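J.: sequence and predicted structure are below.
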Amino acid sequence: MKKELIALRVNHRAYELAVEPNKLLLDVLRQDLGLTGSKQACDDSSCGACTVQVDGIPMLSCTMLAASCEGQEITTVEGVADHGALTALQKAYGDFGGSQCGFCTPGFMMTVRWLLANNPDPSEDEIRDALSSNLCRCTGYTQMYQAVRAAIEAEQKGSKRELVGAK
Ligand code: FES
Ligand code: FES
C-alpha cells in the first residue's frame, strides 16, 4: 500500500511520518516512534493496555488510524513524567503496588489522568468506574484504588509533585 505523509503531535513534539493510510496509531507509536510504553495485548478493544490520550481523552490506540489523529495532541505514558520526575500518581502506584507486572500500567495511567483532570476529587465509585475500563490480571484493583486515593490526598496536602504531569 502506498504510504502517505501525516503530521502528528505526540507528547508535545511534532512529527512528519510516511505511513500506510490504514496503519494503526498504536503501531505508529511503537514501530515508527519507538514509544513502546503503550502495550499491544488483546487487539479487540477489550483490555485498555493500548490506551493513550488524544486531546486529553483516553482512546484505544489499537483501533484508531494514525491518520485520523492529525492535528490532535497525543499523549502516551512516556509524556507523563514532569521533566523526568515521577508524578504523584506514578509514585503512589509504586508505593501501593498498583503496578506489579506493569503491563497494564501505562493504559491505566492514561485513564486515571483523564479522570483526575476532569474530577480532582472523585468518589470511590467514580474511581472504580474509571478503573473498570482497563483490565489488570495481577493487582485485584484494590492497590490501584489505594494509589489513586493516596495521590489525591498528597495533592490536597500540597505535595510538591505534579499530580498527573504535563497536559
Ligand atoms: S490492545 Fe487495545 S484494547 Fe487491548
Ligand atoms: S500489573 Fe500485571 S496486568 Fe496489571
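T.: Yes, it's here. Ligands and ions are numbered 1, 2, ... in the order given.

J.: which residue ranges form the strands in this protein?
T.: When assigned using DSSP state E, the strands of the chain occupy the ranges 4-10, 13-19, 51-54, 57-60, 73-75.

J.: quick one: which of these is nearest ligand 2?
T.: Distance to ligand 2, taken as CB to the nearest ligand atom, is lowest for strand 51-54 among these, at 12.8 Å. For the C-beta atoms, the positions are set from N, CA and C on the backbone; glycine is no exception.

J.: center of the chain - which residue?
T.: Geometric centre of the chain, nearest residue: residue 110, 2.4 Å, by CA atoms, centre = their mean.

J.: for it, which non-adjacent residue is spatially closest?
T.: When the adjacent residues along the chain are set aside, residue 110 lies closest to residue 51, with 4.6 Å between them (CB to CB, 6 or more residues apart in numbering).

J.: show me what contacts the one you found?
T.: Shown in contact with residue 51 (CB atoms under 8 Å, 6 or more residues apart in numbering): 38, 58-61, 106-108, 110-111, 134.

J.: check what pLDDT it gets.
T.: Looking at residue 51, its pLDDT is 98.

J.: distance of it from residue 39?
T.: As for residue 51, its distance to residue 39 is 9 Å (criterion: CB to CB, to the nearest Å).

J.: next one: residue 25
T.: For residue 25, the distance to residue 39 equals 13 Å [CB to CB].

J.: next: residue 141.
T.: Counting by CB to CB, the separation of residue 141 from residue 39 is 18 Å.

J.: same check on residue 101?
T.: Residue 101 sits 11 Å away from residue 39 when distances are taken as CB to CB.

J.: deepest of the strands of the chain, which one?
T.: Mean neighbour count, computed with mean count of other CB atoms under 10 Å, is highest for strand 51-54 among the strands of the chain, reaching a mean of 24.

J.: who does that strand pair with, and is each partner parallel or antiparallel?
T.: Here strand 51-54 has these sheet partners by DSSP bridges: strand 57-60 (antiparallel), strand 73-75 (antiparallel).

J.: near ligand 1 at all, the longest one?
T.: Yes. Strand 57-60 comes into contact with ligand 1 when judged by CB under 6 Å from any ligand atom, the residues involved being residue 60.

J.: mean confidence for that strand?
T.: Per-residue pLDDT over strand 57-60 has a mean of 97.

J.: and stretch 4-22, by the same measure?
T.: For stretch 4-22, the mean pLDDT works out to 95.

J.: could I get the CA-only coordinates of it as CSV?
T.: C-alpha atoms of stretch 4-22 as CSV (Å, rounded to 0.1, in the frame of the first residue of the first chain):
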residue,chain,number,x,y,z
GLU,A,4,1.2,8.9,2.8
LEU,A,5,2.7,11.8,4.7
ILE,A,6,1.0,12.5,8.0
ALA,A,7,1.7,15.1,10.7
LEU,A,8,1.3,14.0,14.3
ARG,A,9,1.9,15.7,17.6
VAL,A,10,3.0,13.3,20.3
ASN,A,11,4.0,14.3,23.8
HIS,A,12,4.3,17.9,22.6
ARG,A,13,6.6,17.1,19.7
ALA,A,14,5.7,17.4,16.1
TYR,A,15,6.4,14.6,13.7
GLU,A,16,6.0,14.1,9.9
LEU,A,17,5.8,10.5,9.0
ALA,A,18,5.3,8.4,5.9
VAL,A,19,2.8,5.7,6.8
GLU,A,20,0.2,3.4,5.2
PRO,A,21,-3.2,5.1,5.4
ASN,A,22,-4.5,2.1,7.3
